[in-house]
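Predicted model and sequence below, questions to follow.
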Amino acid sequence: MLALTSPVETWAHRIPPGPKLAALAVFSLAVFFVEDPVLMLLPLGFAAAGFAALGPVAARAGLRAIRPLWIFVAVLLVWHGATGELDRGLALSGRIVAAVAMATLVTMTTRLDDLMAFLTRALAPLRRLGLDPQVAVFAMALVIRFTPVLLARGRALREAWAARSPRRPTWRLVTPMAVAALDDAEHVAEAIRARGGLGSPQNEQET
């Protein structure tokens, strides 16, 4: 499986995961207080500047990673335009794009092992509540790992559609995408069970 990592080493890789995650949390919280579509250009510009600072190669990789968001943005804009709330739709779309872009920036410039190690330490107090932080960290790692895999599957389905039909892909691709995701999830679950579950020493070493 692939990860959402930068194809080149950048200056942002030298920043520890803790400060980057803290900055992401503050940014995501702040951006959801922005209601004016014009003011939303500020966090969007900040995210764009962050990608540009990584260099052209990494910036292009980051933009490709968030490109699938245009579908959700289009749906939001059409819906809010039809209901006469286009300004609200623009603000909501800007929030989503800005937050996802910054999250992508963090995952691109943070090694998965470092991210998991930090989250395991940060979530250690959950053990007092009877919760295993390893399970939460493992779930986060799977999301990060599988996101580019699912995007690649989506591209493959669109290409297969284009090879068989002159029409544009429609909502009918949702079903094969869902089946593929469930199939991958079943394979991962079987692999975890074969290794003794999340709490086994082998899985803890692999994660």
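That came in fine, so what should we check first? Not measured: the values here are computed from a predicted model.

tell me the domain ranges of this structure?
What automatic domain parsing lists as the domains of the chain is 11-110, 120-206.

got TSV for those, with mean pLDDT and mean neighbour count too?
Bear in mind the C-beta positions are built from the backbone N, C-alpha and C, glycine included. Shown next, in TSV, are the domains of the chain (pLDDT from 0 to 100; neighbours: other C-beta atoms under 10 Å):
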stretch	mean pLDDT	mean neighbour count
domain 11-110	89	16
domain 120-206	74	13
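
Contacts for the helix or strand where Ala74 lies next, please.
According to DSSP states H and E, Ala74 maps onto helix 69-82. With contact meaning C-beta atoms under 8 Å, 6 or more residues apart in numbering, helix 69-82 is reached by 86, 88-90, 92-93, 96-97, 100.

Distance to Thr107 added to those, as a markdown table?
Listed next are the contacts of helix 69-82 as a markdown table, based on distance: C-beta to C-beta, whole Å:
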| residue | distance to Thr107 |
| --- | --- |
| Leu86 | 31 |
| Arg88 | 29 |
| Gly89 | 27 |
| Leu90 | 26 |
| Leu92 | 23 |
| Ser93 | 21 |
| Ile96 | 16 |
| Val97 | 16 |
| Val100 | 10 |
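
re the thing from before, helix or strand right after the helix holding Ala74?
helix 86-108.

Thanks a lot, catch you later.
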